[in-house]
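Asker: After the sequence you'll find the predicted model.
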Amino acid sequence: MTPLIRQFRDFFVSLQLTVVLLILSLLLVFVATLDQVNLGIWAVQEKYFRSFFVLWRLPDSNLALPVFPGGYFIGGLLLINLIAAHIYRFSLTWKKFGIQLTHGGLIVLLVGELITGILQKDSSMRLEEGQTKAYSESFRDHELALLDRTDPAFDEVVAVPEAVLADQGSIQHPKLPFQVNVKAFYANASMQMGAPAARPGDPVATQGIGSRVQVVPMPLTYKPDEINTPAAFVEIVGPSGPIGTWAVSPLVGMPQTFSFEGRTWEIVLRLKRHYYPFSINLLQVTHDKYPGTEIPKNFASRIRLKDDAGHEDREVVIFMNNPLRHGGHTFYQYQMNAAGKMSAFQVVRNPGWLMPYIACILMGIGLTWQFSYSLLGFIKKRSAAAAQ
């Protein structure tokens, strides 16, 4: 082994590296906890724990500088350090079996958090009694949807993610007979009645409700009970030239449509939708209270789950701590308005949801084994000493 490789090995298997990473983890959690007051829990997770570096943006600039290692960086190095130390110092003995099992559980826990951070998707499905849906909506992400409404039997939908709109470029999709030019995008904005020309420098909508309202940019919000409402000016351009410019926002409460080459299109900026090969029909909402009080006792939703393939058609009752698990998704009882006969479910898709349970079982068995082995050794020594 060359000296350089030996230095790499010694670095990654060293206990000093473990201690440094644990100290950095403590500092990261401490600072993130303090910053949660300003950013809210969602933004804090993205900034501190689901990133390789914590970035600091220069005032009045889009330039961001890394100022501290993020959760992925620290967790990744800790995982490498743990695996390398195991491989280097591995010895299969009953005396160390509990420690190895405990560390194995810790590795599973770190890998599970990585999978959750990358692949978990959260959304919500809001239903009124009697309503059926086969999609849920993101809590924060938006999309520009162009819907071909010509056929009354179904809609052809082309969705453009919010991140693509933010680039403010041109979009040409194979299913669209026209080009979409994003002339302006605002990550958070409000709309108010007034002549658009009163805001010089901003694009002007020539079609739809945007020709009668103003789009007012707003600062981004990080409060957990608020969401950013984006807005954009979108120009539709056909082979013979521009068709018109629309102002789109989730705040627009009416459909904006146009005709092109004999087909009817609708343009809308909405919460991003996740479609499923099954549908859920809300049959009944139940809100029970303790007798003589207004204290909630139970929230429950009775639904009908129906699979498009015809393999599933059953009724399910979803209530607190009793979610519906189907097709890799979990539906939790999230909100309810019993007076309005409305229920909302939080829909979670997390491929790594089992890994924390497996990790806890491994660590529990490992710690129990190690404690029992040490206790038995201690008892044997004490018995031997008493017999002498």
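Answerer: Yep, it's here.
Asker: What pLDDT does the model give the closest residue in space to A84 that isn't next to it in sequence?
Answerer: Nearest residue to A84, sequence neighbours excluded (CB to CB, 6 or more residues apart in numbering): F12, at 4.3 Å. Just so you know, the C-beta spots here come from the backbone N, C-alpha and C atoms, and that holds for glycine as well. For F12, the model assigns a pLDDT of 88.
Asker: which secondary structure element contains F12?
Answerer: Element membership of F12, judged by DSSP states H and E, is helix 3-13.
Asker: which strands and helices sit next to that helix?
Answerer: Applying 3 or more CB pairs under 8 Å, 6 or more residues apart in numbering; DSSP states H and E, one finds that helix 3-13 contacts helix 71-89.
Asker: So what sits opposite the residue lying closest to I295 once chain neighbours are set aside in the bridge?
Answerer: Closest residue to I295 apart from its sequence neighbours, by CB to CB, 6+ apart: K289 at 6.2 Å. Beta-bridge pairing of K289 under DSSP bridges involves P296.
Asker: Could you give me the buried positions within the next helix or strand after the helix holding F12?
Answerer: From helix 3-13 onward toward the C-terminus, using DSSP H and E, the following helix or strand is helix 15-44. Within helix 15-44, the residues that count as buried by 16 or more other CB atoms under 10 Å are 17, 21, 24, 28, 32, 35-36, 39-40, 42-44.
Asker: Identify the farthest-apart pair in those residues.
Answerer: L17 and G40 (32.9 Å; CB to CB).
Asker: quick one: low-confidence parts of the stretch 101-250 of the chain?
Answerer: 196-201 (pLDDT under 70).
Asker: Please repeat the previous calculation with a cut-off of 90.
Answerer: Along the stretch 101-250 of the chain, segments meeting pLDDT under 90 span 103, 110, 113-114, 117-118, 140, 151-156, 167-169, 191-217, 219-228, 239-241.
Asker: Serialize the buried residues of helix 15-44 to a markdown table and add fields for pLDDT and distance to M1.
Answerer: Below are those laid out as a markdown table (pLDDT from 0 to 100; distance: CB to CB, whole Å):
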| residue | pLDDT | distance to M1 |
| --- | --- | --- |
| L17 | 93 | 19 |
| L21 | 94 | 25 |
| L24 | 96 | 29 |
| L28 | 95 | 34 |
| A32 | 93 | 40 |
| D35 | 90 | 44 |
| Q36 | 87 | 46 |
| L39 | 81 | 47 |
| G40 | 78 | 50 |
| W42 | 79 | 47 |
| A43 | 83 | 46 |
| V44 | 89 | 43 |
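Asker: which one is Q284 nearest to, not counting chain neighbours?
Answerer: Q284 sits nearest to R302 (CB to CB, 6+ apart), 4.4 Å away.
Asker: I'd assumed T286 was in contact with the one you found.
Answerer: Yes. Assessed by CB atoms under 8 Å, R302 is found in contact with T286 at 7.3 Å.
Asker: How many residues are close by the residue nearest to A84?
Answerer: 17 (other CB atoms under 10 Å).
Asker: any idea how far it lies from I83?
Answerer: As judged by CB to CB, to the nearest Å, F12 and I83 stand 9 Å apart.
Asker: which residues do those two both contact?
Answerer: Counting by CB atoms under 8 Å, 6 or more residues apart in numbering, no residue touches both F12 and I83.
Asker: Is it correct that the residue nearest to A84 is in contact with L82?
Answerer: No. With contact defined as CB under 8 Å, F12 does not reach L82; the gap is 9.8 Å.
Asker: Let me see the contact set for T18.
Answerer: Per CB under 8 Å, 6+ apart, neighbours of T18: 78, 81-82, 85.
Asker: Could you dump those residues into CSV and include neighbour count and pLDDT?
Answerer: Below are the contacts of T18 laid out as CSV (neighbours: other CB atoms under 10 Å; pLDDT from 0 to 100):
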residue, neighbour count, pLDDT
L78, 19, 91
N81, 19, 91
L82, 19, 87
A85, 17, 85
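Asker: And the strands in the stretch 201-350 of the chain?
Answerer: 213-217, 231-238, 241-248, 256-260, 263-289, 296-307, 313-319, 324-326, 329-337, 342-349 (DSSP state E, counting those that start in this stretch).
Asker: What angle do strand 231-238 and the first one make with each other?
Answerer: Relative orientation of strand 213-217 versus strand 231-238 (axes from the mean of the first three to the mean of the last three CA atoms, to 10 degrees): 120 degrees.
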